[in-house]
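[1] okay, structure incoming, though there's no sequence with it:
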């Protein structure tokens, strides 16, 4: 691999120096453009050769795999489960890159979301500890193979570094201003591409070295069970029915207590209205003319 790179580097330098000499002899813009075009052509050749060499190295050393997982937990003791998750991440040499807790007001149950970054070699260890922190409801995992993208990025970086070094040599030997400006423009573009690919490679390295684990924690008053046998399922559903019935009675009692002030006020208003209505009827009877009054049954 190194021998191939040295041969290609020598080829690029020779091509550029020849073009540079042509630029000095003619002093025309066409010669400067030819030098840059030849450098770009040599870069493409080097990128392809470097990609092939890098692919062989990766296949020998192992593929580039990104590991991800998602866990959902139930927690009777919400604070203890969250603390256990954070401690498990610390024990595995990882950290929480994101965390949030919602709920908790007006007696609502709490809900937590975490994104943990865990060293790839401690990935399984953390998943086991995290699953034991609470009642594990679901667990899903994925492994993304980014070998092709990684190899291509490394090849681009290698070829751009060689191109940059060759352009620096050409810059030192440039004789006229026009050639100097053309080389500097190309050098700036190469440096920009190189920094972009290096940043991409660092991102790949981070994803490979540290697995991403998303964990959701739900606070509950009763854990969800997963029985397997028919009898166990019947028993579980019967218990769930009684549990929901008890919760329904409690909710009904809470609702009645909540509405009690309104009920008392409405009853008081209704009673007052009924009393006022009876009083008004008696008053109208007393004020009515004698001929309109009802005869007294005792006088008949």
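    That came through, no problem. The structure presented is a predicted model; accordingly, all values stated were derived computationally and were not measured.
[2] neighbours of residue 79, how many?
    12 (other C-beta atoms under 10 Å). Every C-beta, even on glycine, is put in place using the N, C-alpha and C of the backbone.
[3] residue contacts, it?
    Contact partners of residue 79, counting by C-beta atoms under 8 Å, 6 or more residues apart in numbering, are absent.
[4] residue 260 versus that one, what's the distance?
    When distance is defined by C-beta to C-beta, to the nearest Å, residue 79 is 34 Å away from residue 260.
[5] can you check residue 283 too?
    35 Å.
[6] how about residue 145?
    Applying C-beta to C-beta to residue 145 and residue 260 gives a distance of 64 Å.
[7] cool, and residue 129?
    Counting by C-beta to C-beta, the gap from residue 129 to residue 260 is 49 Å.
[8] with neighbour numbers in mind, choose between the two.
    Shown here are residue 129 and residue 260; by other C-beta under 10 Å, residue 129 has more neighbours (17 against 10).
[9] hang on, isn't the more buried one packed against residue 90?
    No. Look at residue 129 against residue 90 with C-beta atoms under 8 Å: they stay out of range, at 10.6 Å.
[10] how about the helix or strand encompassing residue 214: buried residues?
    Assessed by DSSP states H and E, residue 214 sits inside strand 210-219. Buried residues in strand 210-219, defined by neighbour count with 16 or more other C-beta atoms under 10 Å: 210, 211, 212, 213, 215, 217, 218, 219.
[11] which residues does the fourth one form beta bridges with?
    Bridge pairing for residue 213 (DSSP bridges) gives the partners residue 69, residue 116.
[12] low-confidence regions, this structure specifically.
    1-61, 106-107, 225-247, 250, 286-300 (pLDDT under 70).
[13] coming back round to it: residues in contact with the strand holding residue 214?
    Contacts of strand 210-219 (C-beta under 8 Å, 6+ apart): 66-75, 78, 81-82, 85, 94, 103, 109-120, 123, 126-127, 130, 134.
[14] what's the helix or strand for residue 192?
    helix 177-209.
[15] sorry, that was for residue 274
    helix 230-287.
[16] helix, strand, or coil at residue 175?
    Here residue 175 is coil, with the state taken from DSSP: H, G, I helix; E, B strand; the rest coil.
[17] and the gap between it and residue 183?
    Distance from residue 175 to residue 183, by C-beta to C-beta: 11 Å.
[18] between the two, who's got more neighbours?
    residue 183 (25 against 13).
[19] pretty sure that one sits against residue 167.
    Yes. Here residue 183 reaches residue 167: they are 5.8 Å apart, a contact under C-beta under 8 Å.
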